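**Student:** just a sequence and a predicted model for now, questions to come.
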Amino acid sequence: DGPLPEIAIVDVRLPDMSGFEVSERIKHDPRTAALPVIHISASAVSSEDHAEGLRRGADAYLNQPLDPEELLAKVTATLRYTRARHRAEKLAQRLLTLNRATLALYGSVGFHSFAAAATRGAADLLSCTADAVFLSPEGQAVHSTSAGPGAPVQTYPARPDVLDRLVQQSLGPGTGSAVTRIPAGQWRALLDDDRFSDDIALAVARTKRGRPPVCLAVPADKLAGEDEKHLLQQLTHACALALEALRTSNEEHTLALALQRSFLPANLPEVDGVDLAYRYVPASEHAEIGGDFYEAIPTGAGLLLAIGDVVGHSLTAATVMGELRHALRAYAIEGHPPQQILNRLESLLAHSQPTITGTLCLVLVEPGGRRVHVANAGHIPPLVVSPQGDAHFHTPHGPLLGVRLPQPPPTTLTTPPGTRLLLVTDGLVEIRSTSLDTTLTDLKTAVTTGPRGLQDLSDHLLEKFGRGKDDDIALLAADLH
């Protein structure tokens, strides 16, 4: 179980077995397969003996009597070749590990997965304890640790000034990457980390001036040569690039979400005889923004309720949603009835966004609330709940907006006092593995058995159907008195 020798010199003529068999056993054992073997012999000196020895695993074959200088030269040459091969194999394996670690970094979808990929990558690359220090996209200094390859990664908050103090000793304000040595005592003082008893090799990388860097730390003795140093620098640089991409994505998503929210109404109007509730939940922080929207507009003909969804998840979808919503308000205030509003929006899309489609459901509540007119352009049907608690989806609808087809006239429903209307977008009810009919049935059951209060019901529906969704959710509910 101790350390292996670097080379084996084996006489071909041995008392118990031939040197050829010894060579074969050495080469067939995974623990010793890389050990070089030199055969020597005073009797087996023919070319056939040499060929047999080389076929059965020997790296060299010498005839006795041996010249000491020749033996020393042969051993030196064999070791030189073997060491170079070992170094190349080790470097190739580490490059493969570096490649895997880099792929994991670029596949990170948040700073928690980034912390795990960065720290685990350094631990796997150099087979040692590893730490990472960086600034999360939210601006929190983070310290993550791993005890070695395969060990779990632990993440902790760090002092706000720790990155500045680490960078001052290595990269400074510049870009690129650098490796420096830090005494263990100084590392413990900065990060309250007592896992390192000896000096630290700290690699620091920054991709852009003025941006926070990324630091990776390993025991200094693990950087035995330039190969290890360069590999750690490469990994640290990949960490900096990946984290910068995460930061950029986070900033763009935040900006796009703010833009999207600016397109939606800040509040809904107060109308006699109608109680309203609305909810809007953006897609998860890792998903692109969508084009869901809602609206309630008092008009001369009554209160116009609207809910819609521009197809797609992108800044373009959100922008088109804003255009449609503003145009919808303008057409409604001008006094156009629901069917004409839909046809005008169809013309607008054909002119300004000919490749975009969307859905839109309009419900016009007449003054007094005793009748409503429903015009639905391909949207999820509105749920109508009677005062007695019976519920049904109003399924007649026309084509999607954007397919350049005329919309049919709206249908009219009688709505006695106590009628409830619910309009939602598909983000609330759509589940990839379940048919829409099933989830709509579940929604109807949840509405009829859920809280009676409109606000409480809205919260209940989000709690039941809205968790873990990667699409925007919009909900608009109305009670007619």
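**Tutor:** Received it, and whenever you're ready, just let me know what you need.
**Student:** going by C-alpha atoms from here, please, whenever you check contacts or count neighbours.
**Tutor:** Fine.
**Student:** what is the rounded mean pLDDT of the longest strand seen in the chain?
**Tutor:** Determined from DSSP state E, the single longest strand within the chain is strand 302-313. For strand 302-313, mean pLDDT rounds to 89.
**Student:** next: stretch 153-162.
**Tutor:** For stretch 153-162, mean pLDDT rounds to 88.
**Student:** that stretch: end-to-end distance?
**Tutor:** Using Cα to Cα, to the nearest Å, the end-to-end distance of stretch 153-162 comes out at 20 Å.
**Student:** one more: stretch 179-186?
**Tutor:** End-to-end for stretch 179-186, by Cα to Cα: 16 Å.
**Student:** ok, stretch 165-183 next?
**Tutor:** End-to-end for stretch 165-183, by Cα to Cα: 14 Å.
**Student:** where are the low-confidence patches of the protein?
**Tutor:** Within the chain, the stretches with pLDDT under 70 are 1, 252-253, 255-263, 284-290, 313-314.
**Student:** please redo it, this time with the cut-off set to 50
**Tutor:** For the chain, the stretches with pLDDT under 50 are 286-287.
**Student:** mind listing the helices for the chain?
**Tutor:** 19-28, 47-55, 68-106, 111-126, 162-168, 184-191, 226-263, 315-333, 338-352, 426-429, 436-449, 454-465 (DSSP state H).
**Student:** need the ones you listed in CSV with distance to His394 and mean neighbour count, can you?
**Tutor:** Converted to CSV, those look like this (distance: least, Cα to Cα, whole Å; neighbours: other Cα atoms under 10 Å):
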stretch, distance to His394, mean neighbour count
helix 19-28, 76, 19
helix 47-55, 83, 15
helix 68-106, 46, 15
helix 111-126, 45, 24
helix 162-168, 59, 17
helix 184-191, 62, 16
helix 226-263, 28, 19
helix 315-333, 22, 20
helix 338-352, 16, 19
helix 426-429, 16, 22
helix 436-449, 12, 15
helix 454-465, 19, 16
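**Student:** between those helices, which gets nearest to Val142?
**Tutor:** For the helices of the chain, the distance to Val142 is smallest for helix 111-126, at 8.3 Å, taking Cα to Cα.
**Student:** quick one: the closest one to chain centroid distance?
**Tutor:** 15 Å (Cα atoms, centre = their mean, to the nearest Å).
**Student:** so what touches that helix?
**Tutor:** 94, 97-98, 101-102, 104-105, 108, 128-132, 136-137, 144-151, 153, 155, 216, 218, 222, 228, 231-232, 235, 239, 243, 246 (Cα atoms under 8 Å, 6 or more residues apart in numbering).
**Student:** swap the cut-off to 7 Å and go again
**Tutor:** Contact with helix 111-126 is made by 94, 97-98, 101, 104-105, 108, 129-132, 136, 144-146, 148-149, 153, 222, 239, as judged by Cα atoms under 7 Å, 6 or more residues apart in numbering.
**Student:** tell me the angle of that helix relative to helix 68-106?
**Tutor:** Put simply, helix 111-126 runs at 180 degrees to helix 68-106, going by axes from the mean of the first three to the mean of the last three Cα atoms, to 10 degrees.
**Student:** quick one: helix 111-126 to helix 226-263, angle?
**Tutor:** Going by the same axes, to 10 degrees, helix 111-126 makes 170 degrees with helix 226-263.
**Student:** sheet partners, orientation included, of the longest strand of the chain?
**Tutor:** Strand 302-313 has the following strand partners under DSSP bridges: strand 290-299 (antiparallel), strand 358-365 (antiparallel).
**Student:** adding mean neighbour count and distance to Tyr61, write the ones you listed out as a markdown table.
**Tutor:** Output for these, formatted as a markdown table (neighbours: other Cα atoms under 10 Å; distance: least, Cα to Cα, whole Å):
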| stretch | mean neighbour count | distance to Tyr61 |
| --- | --- | --- |
| strand 290-299 | 24 | 73 |
| strand 358-365 | 25 | 80 |
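**Student:** quick one: residues contacting Ser197.
**Tutor:** Ala184.
**Student:** on that earlier part again, format the strands paired with strand 302-313 as CSV; extra columns: distance to Pro282.
**Tutor:** Output for the strands paired with strand 302-313, formatted as CSV (distance: least, Cα to Cα, whole Å):
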stretch, distance to Pro282
strand 290-299, 8
strand 358-365, 18
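**Student:** of all those, which one is nearest Leu66?
**Tutor:** Nearest to Leu66, of the strands paired with strand 302-313 and by Cα to Cα, is strand 290-299 at 81.5 Å.
**Student:** now could you export just the CA positions of that closest one as CSV?
**Tutor:** What follows is strand 290-299, C-alpha atoms only, in CSV (Å, rounded to 0.1, in the frame of the first residue of the first chain):
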residue,chain,number,x,y,z
GLY,A,290,-44.2,37.5,-21.5
GLY,A,291,-47.0,39.5,-22.9
ASP,A,292,-49.9,38.9,-20.4
PHE,A,293,-52.0,42.0,-19.6
TYR,A,294,-55.4,43.0,-18.1
GLU,A,295,-57.5,46.1,-18.2
ALA,A,296,-60.8,47.6,-16.9
ILE,A,297,-62.0,50.7,-18.7
PRO,A,298,-65.2,52.7,-17.9
THR,A,299,-66.9,53.7,-21.1
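**Student:** got the angle for that strand vs helix 315-333?
**Tutor:** Going by the same axes, to 10 degrees, strand 290-299 makes 10 degrees with helix 315-333.
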